[in-house]
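**Student:** Predicted model, plus sequence, below.
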Amino acid sequence: MIIQKVMVIGAGQMGSGIAQVCAQAGYEVVLNDLKDEFVDRGLHVIRKNLSRQVEKERMTVEEMNTVLDRLTASTELTDAKDVDLVIEAAIENMEIKAKLFAQLDEIAPREAILASNTSSLPITEIAAATKRPEKVIGMHFMNPVPVMKLVEIIRGLATSDEVYQAIEDMTKTLKKVPVEVNDFPGFVSNRILMPMINEAIYTLYEGVATKEAIDDVMKLGMNHPMGPLTLADFIGLDTCLYIMETLHEGFGDTKYRPCPLLRKYVKAGWLGKKTGRGFYQYS
Ligand SMILES: CC(=O)CC(=O)SCCNC(=O)CCNC(=O)[C@H](O)C(C)(C)COP(=O)(O)OP(=O)(O)OC[C@H]1O[C@@H](n2cnc3c(N)ncnc32)[C@H](O)[C@@H]1OP(=O)(O)O
Ligand SMILES: NC(=O)C1=CN([C@@H]2O[C@H](COP(=O)(O)OP(=O)(O)OC[C@H]3O[C@@H](n4cnc5c(N)ncnc54)[C@H](OP(=O)(O)O)[C@@H]3O)[C@@H](O)[C@H]2O)C=CC1
């Protein structure tokens, strides 16, 4: 399976990062979102990241322009008609992802691989929305994508060995480290990370300590680069809540119940860094 052209769906924080690393690795990339303004916002972030690399003299202006030239903006799913791989990074919602995959299955070439960057939703269920479940796979990048080395690769029930191998090889061309996991709610990363974040929110909710103190304990005591509440703001509180709900529903275990304070913040539209306010305020 030869992968040359990649379509990334969703130009948010994850989609723009994925598009950037694919373009830097030499792939032709189509970056798709619902509206031009969202795609432009994603391309703006990529330009800013690459300019920083130029300032640090890790890349020349010519190299930056070559990378930027590999990126094409799109607001039409029909642009998937000639791609080899789609990486979906729209919001963490099964209905939206299933609908996207059903449409992509109709549009993308028969041989194309359809991957999802979902952080917790079952790949097997996403694959069932298509007539090519053997070509559907999870490709779970970490935030911020240009910096983090891991890509968790999730095999759905029907994912073929050939598709797994092609995605593992492609991940290495992005200078990332693939780790294979099976399809269970939250996979490995968020099954372990998100209950810790949820517990940190309970710790705040129950008045055990201030948000700053909770973050300091985990930063200074456990050497985490960010405290759990700062990390929750960074990931997006909506995404954190969707993941906890997937764990809660998927395992049917009350230990995964989302903290009411997390629900309250999401209902208020306090989604973290991306909306300017979460546990902390960002100007
Ligand atoms: C929810 C899920 O499904 C899965 C997830 O992704 S969970 C989230 C996983 N991610 C994490 O846990 C991140 C934890 N945080 C960290 O590792 C660090 O705080 C961090 C890498 C984000 C920033 O590191 P820092 O040392 O505090 O800041 P800083 O010195 O400014 O940045 C370090 C480097 O990262 C780069 N960087 C930081 N943020 C960046 C961003 N958003 N995009 C691109 N590059 C970025 C900087 O340019 C800098 O690069 P160089 O070293 O090459 O110069
Ligand atoms: N945040 C994180 O740390 C991580 C997130 N993920 C996963 O990546 C995915 C994206 O998350 P993230 O980038 O943080 O979210 P963002 O909210 O930053 O971005 C999502 C983007 O997708 C767009 N979108 C929504 N629906 C559609 C659609 N039908 N077609 C095309 N685009 C659409 C959104 O547009 P609009 O603004 O209009 O809604 C938005 O621009 C989620 O599945 C998430 O779980 C995975 C790893 C880490």
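**Tutor:** It's in. Ligands and ions are numbered 1, 2, ... in the order given.
**Student:** Tell me which residue in the stretch 1-150 of the chain sits closest to ligand 2.
**Tutor:** residue 12 (1.8 Å; CB to the nearest ligand atom). Every C-beta, even on glycine, is put in place using the N, C-alpha and C of the backbone.
**Student:** count of residues packed around that residue?
**Tutor:** Counted with other CB atoms under 10 Å, the neighbours of residue 12 add up to 18.
**Student:** Would you check how far apart it and residue 39 are?
**Tutor:** 11 Å (CB to CB, to the nearest Å).
**Student:** list residues touching both of those two?
**Tutor:** residue 33 (CB atoms under 8 Å, 6 or more residues apart in numbering).
**Student:** In contact with the residue of the stretch 1-150 of the chain closest to ligand 2, which residues are there?
**Tutor:** Neighbouring residues of residue 12 by CB under 8 Å, 6+ apart: 33, 38, 42, 89, 90, 91, 274.
**Student:** What residues does the first one make contact with?
**Tutor:** For residue 33, the contact set (CB under 8 Å, 6+ apart) comprises 9, 10, 11, 12, 15, 39, 42, 75.
**Student:** now those residues: which count as buried?
**Tutor:** Buried residues within the contacts of residue 33, counting neighbours by 16 or more other CB atoms under 10 Å: 9, 10, 11, 12, 15, 39, 42.
**Student:** Among those, name the ones in helices.
**Tutor:** 15, 39, 42 (DSSP state H).
**Student:** Does the second one touch residue 11 like I think?
**Tutor:** Pointing back at residue 39 there. Yes - Residue 39 lies in contact with residue 11 (CB atoms under 8 Å); the separation is 4.8 Å.
**Student:** helices and strands around the helix or strand harbouring residue 95, which ones?
**Tutor:** Assigned by DSSP states H and E, residue 95 falls within helix 94-107. On a contact count with 3 or more CB pairs under 8 Å, 6 or more residues apart in numbering; DSSP states H and E, helix 94-107 meets strand 85-88, strand 113-116, helix 123-127.
**Student:** Any chance of CSV for these, columns distance to residue 201, mean pLDDT and mean neighbour count?
**Tutor:** What follows is those, written out as CSV (distance: least, CB to CB, whole Å; pLDDT from 0 to 100; neighbours: other CB atoms under 10 Å):
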stretch, distance to residue 201, mean pLDDT, mean neighbour count
strand 85-88, 28, 98, 26
strand 113-116, 26, 98, 27
helix 123-127, 27, 97, 23
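**Student:** Near ligand 1, which residues of the protein? Just list them.
**Tutor:** By CB under 6 Å from any ligand atom, the residues of the chain that approach ligand 1 are 49, 52, 119, 142-144, 146-148, 189-190, 193, 225-226, 231, 235, 239.
**Student:** What about those residues, which are in helices?
**Tutor:** Short answer: the residues of the chain next to ligand 1 in helices (DSSP H) are 49, 52, 189, 190, 193, 231, 235, 239.
**Student:** Of those residues, which count as buried by neighbour count?
**Tutor:** By 16+ other CB under 10 Å, these give 49, 189, 190, 193, 231, 235, 239 as buried.
**Student:** What's the local residue count around the residue of the stretch 1-150 of the chain found nearest ligand 1?
**Tutor:** Across the stretch 1-150 of the chain, no residue is closer to ligand 1 than residue 119, which sits at 3.0 Å (CB to the nearest ligand atom). Number of residues near residue 119 (other CB under 10 Å) recorded here: 27.
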